[in-house]
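A.B. asks: Sequence below, structure please.
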Amino acid sequence: METQLARNGDARIGQGQQRPQVESVTDNTAVAPAGADVPGERMLKHIRRVACVLLLSGSAAASAQQAAQCPSLPPGSGLQWQEQAQNDFIVCKATTADGRTVLNVMLTARDPALALTRALRAEKGRFAGEDLYWYRLDMGGRDLPGLEARRITTVKLAKNRFAQIWIDAGDVAELASLQQLTGGLDDATANFAGK
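C.D. replies: Numbering: from 1, shown residues only. This is a model prediction of the structure:
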């Protein structure tokens, strides 16, 4: 009842045995039956899984490390930063649990030089200890839905250190809440690119 695998892939089967499924290869040598547990295959799968876990945890750690460049959000805010860093600026986008981006902060070494006119000036505010004015958006005279809950501003933090901040709130109550939250944000620009 012995099974011998010949060099040409033909198997001689002992009496009462079924022919095993054999995968063929180009040089006509027989290999282990399909689905058989080959020594080392389990180890290779395990190594691949461990490598994937390490890569994912490394990217999560890098992401958490980068988020440290954004201003710290209050623990009960319900917001989470998503960060995009380039050589000379960092964009921090605060998103809600349902995925809406409601607060954006761009930290840069260059003056954003936005033309914010006095006629569009709305509320007073603060960011990183600096006083500022919030401005309504100028949409070329068009009155678009939701504009009453949107604001933009810029603030000079130090020499060659600026912040451009804009809010896309769902309503005026959320706008007021985000303006208050922004007033309490710290100056995280000490670590930002372009310093």
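
A.B. asks: where does this protein dip in pLDDT?
C.D. replies: 1-68, 187-195 (pLDDT under 70).

A.B. asks: how about the strands in it?
C.D. replies: Counting by DSSP state E, one finds strands in the chain at the ranges 4-5, 11-12, 22-24, 30-33, 80-85, 89-95, 101-108, 121-127, 130-135, 150-158, 161-168.

A.B. asks: With distance to residue 185 and mean neighbour count as extra columns, can I get these in TSV?
C.D. replies: No exception for glycine: its C-beta is placed from N, CA and C like everyone else's. Below are the strands of the chain laid out as TSV (distance: least, CB to CB, whole Å; neighbours: other CB atoms under 10 Å):
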stretch	distance to residue 185	mean neighbour count
strand 4-5	71	13
strand 11-12	73	12
strand 22-24	61	13
strand 30-33	61	14
strand 80-85	11	16
strand 89-95	10	20
strand 101-108	8	21
strand 121-127	6	16
strand 130-135	11	17
strand 150-158	11	19
strand 161-168	9	22
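
A.B. asks: For the ones you listed, give me JSON lines that also has distance to residue 174.
C.D. replies: Below are these laid out as JSON lines (distance: least, CB to CB, whole Å):
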{"stretch": "strand 4-5", "distance to residue 174": "72"}
{"stretch": "strand 11-12", "distance to residue 174": "73"}
{"stretch": "strand 22-24", "distance to residue 174": "61"}
{"stretch": "strand 30-33", "distance to residue 174": "63"}
{"stretch": "strand 80-85", "distance to residue 174": "16"}
{"stretch": "strand 89-95", "distance to residue 174": "12"}
{"stretch": "strand 101-108", "distance to residue 174": "7"}
{"stretch": "strand 121-127", "distance to residue 174": "14"}
{"stretch": "strand 130-135", "distance to residue 174": "14"}
{"stretch": "strand 150-158", "distance to residue 174": "11"}
{"stretch": "strand 161-168", "distance to residue 174": "9"}
